[in-house]
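**Q** Kindly generate the corresponding structure for this input.
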Amino acid sequence: LGGTVDGAYSLALNSTGATTLAAAVGDGAALTSLTTNTGGTVVIQGARVNTTGAQRYAEPVTLSGSTTLTGTAIRFDDAVTGSGSLSVVGAATLNGATVTTQGAQTYNGAVTLLKNTVLDANAAQVSFTGTVDGGFDLTVNTTGTTSFGGDVGAGTPLTSLTTNAGGMVLINAATVHTTGDQTFHDIVSLQRGTTFTASVLTFNDAVVGAGDLSVVGAAVLNAGTISTSGAQSYSAATTLMRDTVLTAGAGGVSFGGAVDGAYALTVNTRGDTTFLGTVGATQALTNLTTDASTAGSVHLSGGSVTTTGAQSYGEAVVLGANTTLSSTGSGDISFGNTLDGAYSLAVNTAGVTRFNGAVGAGTALSSLTTDAPGSVVMNAGTVTTSGAQTYNDAMSLSRGTTLTSSADTLHFVSIADGVSSFDLNVNTATALALADVDIGGNLHVTTQATGVAQQASTHVWVGGTSTFTADTGTLQDAALTSTDN
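**A** Residues are numbered from 1 along each chain as shown. Alright, predicted model coming up:
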């Protein structure tokens, strides 16, 4: 067809050879529909095809230059290739496996996949303004921008979604849902709060977002940075593939499953940071850091956190389960703010354990234990537990300190304040056996039963006054037998 084609009627082109539309179709008067049969090819040279109804191309389509197809429904049943751009105005059904253009691809209506589909647009934009559905794979390859303006997989989940590296993905959808994997190899920009549902979601480049980010399924973080104005939620196992910084707004950051990977994790948020699963149990993190925001807190409910290097909790920590914090490579473990929760805490590191906020002042811990190698720097002011406090490494005081066990006692190897003069108050419910004490301030020991004794080959050196109080006042002894006091 060498000239224009117009008329408010349907047109069917049946040929096993080449069908060529050399000029615009439906520009003067839109056709009602246009169909081609299988077995040949269609070459569209006229830039525009307009119908009031459907268009169906059952054979391969070649676009000579930029082309706009306008109709209620545009269906491709075979491959599409083009030297320019492709714009589909209306619903699109992709059953041709590939759409390859040198220019942009724009789908201005709902898109339905009927086959695993690969869209290639070179360095140009691929834009979906409406929904994308269909139980098949979708791969979008462009070093330009890929944009999703409607929900993906909300009607019928895709099986997988993949974008290539080198470009950017803009997502203005509330839902991106696949039954299989989602892999974003390029930068992702969220224009609103978005929920990603997949068996495994992988970010291989940075993510920025103007709302909440919710991941339902396993997450693989190879992004380096994920920054959102709203909350971030990872419902299942999270694996780090590089050092990762998560920055969120007041909604906080929550991990519903285990967090693993031999990389550093930093979490910055004005809200709460919540770990509901183990951290580093399968593969230890190198470091874990939370910021010092006073607006939020860190909730540890997974039972254990394991790193090869340091752990630094800048904000208040709340225990939601008996918890063990371990640094296998002698990293420091530091609490920059308060520490509360009616659970046990064990801190294991050959480095320095630092307490810089009150421990158990809000809710007493059930017990507190540090392991033998390393040291404890106590700048908490108060440490309160219902059960025992056991410090198996040397403690250095950075301020006046009160250690209280309301139902048990205190075990330690040594407590000192260096060249300072800090007071030390020790309150226990059961017998207390003093080990090495070397402080410049006052020592006040209060016991509720049995009294106080001194371990063999230890010394108690106090620059101020030593006071021993039997709180219940009955059948208690102060037995300080060392000759080196």
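**Q** Low-confidence ranges, the stretch 351-485 of the chain, go.
**A** In the predicted model, the stretch 351-485 of the chain carries pLDDT under 70 at residues 472-475, 481-483.
**Q** Also the stretch 101-250 of the chain?
**A** Within the stretch 101-250 of the chain, not a single segment meets pLDDT under 70.
**Q** Could I get the contacting residues of residue 330?
**A** Residue 330 makes contacts with 349, 350, 351, 373, 374, as judged by CB atoms under 8 Å, 6 or more residues apart in numbering. (C-beta placed from N, C-alpha, C; glycine too.)
**Q** again with residue 76
**A** Each residue near residue 76 by CB under 8 Å, 6+ apart is listed here: 57, 61, 92, 93, 94, 95, 96, 99.
**Q** re earlier: may I ask which two of the contacts of residue 330 are separated the most?
**A** Taking CB to CB, the two most distant members of the contacts of residue 330 are 351 and 373; they sit 8.5 Å apart.
**Q** which residues touch the helix or strand hosting residue 306?
**A** Assigned by DSSP states H and E, residue 306 falls within strand 304-307. In this structure, residues lying in contact with strand 304-307 by CB under 8 Å, 6+ apart are 275, 278-281, 284-288, 311, 323-329, 331.
**Q** Could you identify the helix or strand that succeeds it?
**A** Beyond strand 304-307 on the C-terminal side, the first helix or strand identified by DSSP H and E is strand 311-313.
**Q** Okay, now the sheet partners of that next one, with direction.
**A** For strand 311-313, the paired strands and their directions (DSSP bridges) are strand 288-290 (parallel), strand 333-335 (parallel).
**Q** For residue 18, the count of nearby residues, please.
**A** The local packing count at residue 18 equals 12, with neighbours defined by other CB atoms under 10 Å.
**Q** how about it, what does it touch?
**A** Counting by CB under 8 Å, 6+ apart, residue 18 makes contact with 40, 41, 42, 43.
**Q** quick revisit: select, out of the strands paired with strand 311-313, the one closest to residue 484.
**A** With respect to residue 484, and counting by CB to CB, the nearest of the strands paired with strand 311-313 is strand 333-335 at 32.5 Å.
**Q** Helix or strand next in line after that closest one, which one?
**A** Heading towards the C-terminus - elements assigned by DSSP H and E - strand 333-335 is followed by strand 339-340.
**Q** ok, now which ones touch residue 96?
**A** For residue 96, the contact set (CB under 8 Å, 6+ apart) comprises 60, 61, 76, 77, 78, 79, 80, 115, 117.
**Q** Hmm, the first one is touching residue 44, no?
**A** Just to be clear, that refers to residue 60. No: counting by CB atoms under 8 Å, no contact exists between residue 60 and residue 44, whose distance comes to 11.4 Å.
**Q** of the two, who's got more company?
**A** The residue with the greater number of neighbours, taking residue 60 and residue 44 and applying other CB under 10 Å, is residue 44; the counts read 24 against 19.
**Q** Check the gap between that one and residue 77 for me.
**A** Counting by CB to CB, to the nearest Å, the separation of residue 44 from residue 77 is 15 Å.
**Q** Please apply the same query to residue 312.
**A** Remark: distance between residue 312 and residue 77 (CB to CB) = 58 Å.
**Q** if we can go back for a sec, give me the subset of the contacts of strand 304-307 that lies in strands.
**A** 275, 288, 311, 323, 324, 325, 326, 327 (DSSP state E).
**Q** For residue 207, name its beta-bridge partners.
**A** When bridges are taken as DSSP bridges, the partners of residue 207 come out as residue 188, residue 226.
**Q** Run through the residues that contact it.
**A** The contact partners of residue 207, taken as CB under 8 Å, 6+ apart, are 184, 187, 188, 189, 190, 213, 223, 225, 226, 227, 228.
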